[in-house]
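Chemist: Kindly generate the corresponding structure for this input.
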Amino acid sequence: MARLNLLEETRFERVPVKVYDNQNEASVDVANRIATIIKEKQAKGETAVLGLATGATPVKVYKELVRLHKEEGLSFKNVVTFNLDEYYPMKPDAPQSYVAFMNKNLFDHIDVPKEHINIPDGTLPEDAIHTYCEAYEQKISNLGGIDIQLLGIGRTGHIGFNEPGSAPNSGTRLVVLDDLTRRDASRDFGGKENVPTKAITMGVGTIFKAKEIVLMAWNEKKAEIVKKAVEGEISSDIPATYLQLSSSVEFILDTDAASQLTRFDLPWLAKEVTWTDTLIKKAVVWLSLKLNKAILKLTDDDYNNNGMAQLVTEKGPAYSINIKIFNELQHTITGWPGGKPGVDDTNRPERAEPGQKNVILFSPHPDDDVISMGGTFIRLADQGHNVHVAYQTSGNTAVWDDDVLRYLEFVQDFAVAVDDDNGITAKIYNEAKEFFKTKQPNQVDPEIIRTIKALIRKGEAIAGARFVGLPDRNIHFQDLPFYDRGKFSKDVSYEDDIQQTMELLRKVRPHQVFAAGDFADPHGTHKVCFDIIFEALKRLSKTDEWTKDCWLWLYRGAWHEYPIHEIEMAVPLSPQEVKRKRLAIFKHQSQKDVPVFPGDDPREFWVRAEDRTSETAELYHKLGLADYEAIEAFVRWRFD
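Modeler: Numbers count the residues shown, from 1 in each chain. All right, here's what the predicted structure looks like:
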């Protein structure tokens, strides 16, 4: 019976998939599978041939292999490795090279013979690459093939650097990189323009020859492409779908990467489910949007014909379900994000009292406040709450070098105009100009330049917060140490960041805390900033009485919004409020037009923000609720 249920649950999946609670557990399992192969080969006096991948995905696998070597005596002397790919052109000592990556994360810490390491050569003349690739393939064949091949998956669906359009029988070759792949790599190279346009990669056909293929994927950013690779039709548009043709492949995922698979995302289509309130809301919203019918118009037949007969049977009729979900969605909408004083708040997302709340809005970067929840920010200030904003990092990484020179030129000209030029500004300007001439991709700026960039963003943030209506005493620049410290070391302690945040929270004693909850933020800063806030509040909850009346609300940024069924507070904005929010965003001039790190969305931040909130409003309207200009959405984080 259990086997039957499993088959029913996974009937949408075209490849074997194993899902772990987290990537740590998954990585340890994969490392142990590799170790078993090595040991079995050692016992037979044979060579173990490993196909290895790079990127963030396999890092913890390699960390566990290093631990097994150092603590449990796992030897790699009988191992030969072949890496999937390498950028072209690429010098092996460049920090972005896969040679440097593999040495740092694995080879420098184990006893694999150097002559047993094979990584595509990014220094070859282009006319020598074809012959080199044929020899690479032949070397694999001469060793009897790859015993286990590790893969990640890119957001284009590439495996290795086999981009869309790759053939299923392709061999090792030189390829042109997809623009999205280059954008994803831009942070490592200090901008997309510095990312190589080509790479040498094993082909899909080469990968298929491996005796065992393990594709790993972690976090929400990979969920969409994982679903396409696992459940979609085989297509050259998504090369990872070719793996459906292999009998030796397994996808290893964490729960976030698996979250869009049908058995997790729409479980009622895959199996019988226990209908919780949350699942009912999700299913009804899905059905309404799928059929393009308002919730109150859904019928029993709509439920029965779309895999939801069990719900109608257990909780129906349809109209009773519809009314319940409609009312729940209606109750999320409020024009009083700080609570409306003196009213019955039973069906409101926020408490009515106290009528004037202490509010602190944490902004990971100096513009997340107005981009993500600018309308609500303005509404809270207009409605008389004691609103504070805390900018957690300086954001100095995201300022163009040209802006530094422009501001220094202004300071020089001002000094001349008031006859107060002591020469210091000119000296800094000349040193900065010379530094920028030879600055390498991703090179960390000197302290004085980082300071100038931070001051540029500080000035913009002050202008934005003042425009919202905050007094200067309520504008806080935390400049948390982890942000600059992380430029020099990935092994960072956050204790001083937590202590600083606790101090500010104690000072404000907030009834409401707003924090960035977009943990799939491509730069990772938002997640770190949230973890610092969470830890600070958790510690304070053990000693400070005011924390019992403190609610934590999460907002999302420019990247994506909460799904409708998760939203607990929806703040509608009028056209005038949308315009005010836009003007607040415009105060961040260094981030206008083309920001340093735009992600994979070419729209300006203010356009993304307006499109996202108008799309949320449109979804509410499609479900049969009022037609608003825009809606900002929030989810409450509960500590229990």
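Chemist: Could you pull up the residues touching residue 297?
Modeler: 322, 624 (C-beta atoms under 8 Å, 6 or more residues apart in numbering). (C-beta placed from N, C-alpha, C; glycine too.)
Chemist: Counting neighbours, which bits of the top strand by length along the chain end up buried?
Modeler: Counting by DSSP state E, the longest strand found in the chain is strand 630-637. For strand 630-637, burial by neighbour count (16 or more other C-beta atoms under 10 Å) applies to 630, 631, 632, 633, 634, 635, 637.
Chemist: which residues are contacting stretch 20-38?
Modeler: Contacts of stretch 20-38 (C-beta under 8 Å, 6+ apart): 18, 48, 50, 58, 60-65, 68, 74-76, 78-79, 147-148, 150, 212, 214, 216, 218-219, 252-255.
Chemist: from what I can see residue 587 touches residue 468, true?
Modeler: No - the criterion here is C-beta atoms under 8 Å, and residue 587 misses it with residue 468 at 9.5 Å.
Chemist: Check the contact lists of the two and give me the overlap.
Modeler: Counting by C-beta under 8 Å, 6+ apart, the residues touching both residue 587 and residue 468 are residue 370.
Chemist: Tell me which other helices or strands the helix or strand harbouring residue 515 touches.
Modeler: Element membership of residue 515, judged by DSSP states H and E, is strand 512-516. Contacts defined by 3 or more C-beta pairs under 8 Å, 6 or more residues apart in numbering; DSSP states H and E place strand 512-516 against strand 358-363, helix 368-382, helix 525-540, strand 551-555.
Chemist: try 10 Å
Modeler: Strand 512-516 is packed against strand 358-363, helix 368-382, strand 386-391, helix 525-540, strand 551-555, strand 630-637, with contacts defined by 3 or more C-beta pairs under 10 Å, 6 or more residues apart in numbering; DSSP states H and E.
Chemist: Paired strands for the shortest one, with orientation please.
Modeler: In this case it means strand 551-555. Sheet pairing of strand 551-555 (DSSP bridges) gives strand 512-516 (parallel), strand 630-637 (antiparallel).
Chemist: Show the average pLDDT along it.
Modeler: Throughout strand 551-555, pLDDT has a mean value of 98.
Chemist: ok, back up a step: in the strand holding residue 515, what's buried?
Modeler: Applying 16+ other C-beta under 10 Å to strand 512-516 flags 512, 513, 514, 515, 516 as buried.
Chemist: Distance to residue 624 for the helices and strands packed on strand 512-516 - can I get that in CSV?
Modeler: Shown next, in CSV, are those (distance: least, C-beta to C-beta, whole Å):
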stretch, distance to residue 624
strand 358-363, 32
helix 368-382, 23
strand 386-391, 33
helix 525-540, 33
strand 551-555, 25
strand 630-637, 15
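Chemist: of the ones you listed, which approaches residue 506 most closely?
Modeler: Among the helices and strands packed on strand 512-516, helix 525-540 comes nearest to residue 506, with 7.0 Å by C-beta to C-beta.
Chemist: Pull up the distance across stretch 397-405, start to finish.
Modeler: Start and end residues of stretch 397-405 are separated by 15 Å (C-alpha to C-alpha, to the nearest Å).
Chemist: just use 58 as the starting number from now, easier for me
Modeler: That works, and once the first residue is 58, the last one we named lands at stretch 454-462.
Chemist: buried set for it?
Modeler: 454, 455, 456, 457, 458, 460, 461.
Chemist: can you check stretch 567-586 too?
Modeler: 567-579, 582-586.
Chemist: one step back: save the buried residues of strand 569-573 as a markdown table, and put in pLDDT and distance to residue 540 too.
Modeler: Below are the buried residues of strand 569-573 laid out as a markdown table (pLDDT from 0 to 100; distance: C-beta to C-beta, whole Å):
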| residue | pLDDT | distance to residue 540 |
| --- | --- | --- |
| 569 | 98 | 25 |
| 570 | 98 | 20 |
| 571 | 98 | 20 |
| 572 | 98 | 16 |
| 573 | 96 | 14 |
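Chemist: Of the helices and strands packed on strand 569-573, which is nearest residue 256?
Modeler: helix 582-597 (28.0 Å).
Chemist: which secondary structure elements does the closest one contact?
Modeler: strand 415-420, helix 425-439, helix 538-542, helix 552-565, strand 569-573, strand 608-612, strand 687-694.
Chemist: before we move on, the earlier item: between the helices and strands packed on strand 569-573, which one is closest to residue 146.
Modeler: That would be helix 582-597 among the helices and strands packed on strand 569-573, by C-beta to C-beta, at 31.3 Å.
Chemist: what about that closest one, distance to the chain center?
Modeler: Centroid displacement of helix 582-597 relative to its chain, using C-alpha atoms, centre = their mean, to the nearest Å, is 17 Å.
Chemist: ditto for stretch 527-537
Modeler: 27 Å.
Chemist: same thing with stretch 455-467?
Modeler: With C-alpha atoms, centre = their mean, you get 29 Å for stretch 455-467.
Chemist: and what of stretch 157-168?
Modeler: The answer for stretch 157-168 is 26 Å, by C-alpha atoms, centre = their mean.
Chemist: tell me the contacts of the spatially closest residue to residue 686 that is not a sequence neighbour?
Modeler: Leaving out its chain neighbours, the residue that sits closest to residue 686 by C-beta to C-beta, 6 or more residues apart in numbering is residue 632, at 4.9 Å. Residue 632 makes contact with 685, 686, 687 under the criterion C-beta atoms under 10 Å, 6 or more residues apart in numbering.
Chemist: Using CSV, write out every CA atom in stretch 536-547.
Modeler: C-alpha atoms of stretch 536-547 as CSV (Å, rounded to 0.1, in the frame of the first residue of the first chain):
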residue,chain,number,x,y,z
ASP,A,536,26.0,49.8,9.1
LEU,A,537,26.2,46.3,10.4
PRO,A,538,29.8,45.0,10.5
PHE,A,539,29.1,41.7,8.6
TYR,A,540,28.5,43.6,5.4
ASP,A,541,32.0,44.9,4.9
ARG,A,542,33.6,42.1,6.8
GLY,A,543,32.1,39.6,4.4
LYS,A,544,34.1,41.3,1.5
PHE,A,545,37.3,39.9,3.0
SER,A,546,36.2,36.6,4.6
LYS,A,547,33.2,34.2,4.2
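Chemist: List the buried residues for it?
Modeler: 536, 537, 538, 539, 540, 541, 542, 543.
Chemist: Distance to residue 509 and pLDDT added to those residues, as TSV?
Modeler: TSV is the format used below for those (distance: C-beta to C-beta, whole Å; pLDDT from 0 to 100):
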residue	distance to residue 509	pLDDT
536	14	95
537	19	95
538	19	93
539	21	92
540	16	91
541	14	86
542	19	85
543	20	73
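Chemist: Nearest to residue 288 among the residues you listed?
Modeler: residue 543 (36.9 Å).
Chemist: I figured the closest one hits residue 549, correct?
Modeler: Yes - with contacts counted by C-beta atoms under 10 Å, residue 543 reaches residue 549, the gap being 5.3 Å.
Chemist: Quick one: closest of the strands paired with strand 608-612 to residue 559.
Modeler: Per C-beta to C-beta, nearest to residue 559 of the strands paired with strand 608-612: strand 569-573, 12.4 Å.
Chemist: Now the element after the host helix or strand of residue 633, going C-ward?
Modeler: Applying DSSP H and E as the criterion places residue 633 in helix 632-643. Downstream of helix 632-643, the next assigned helix or strand under DSSP H and E is helix 662-679.
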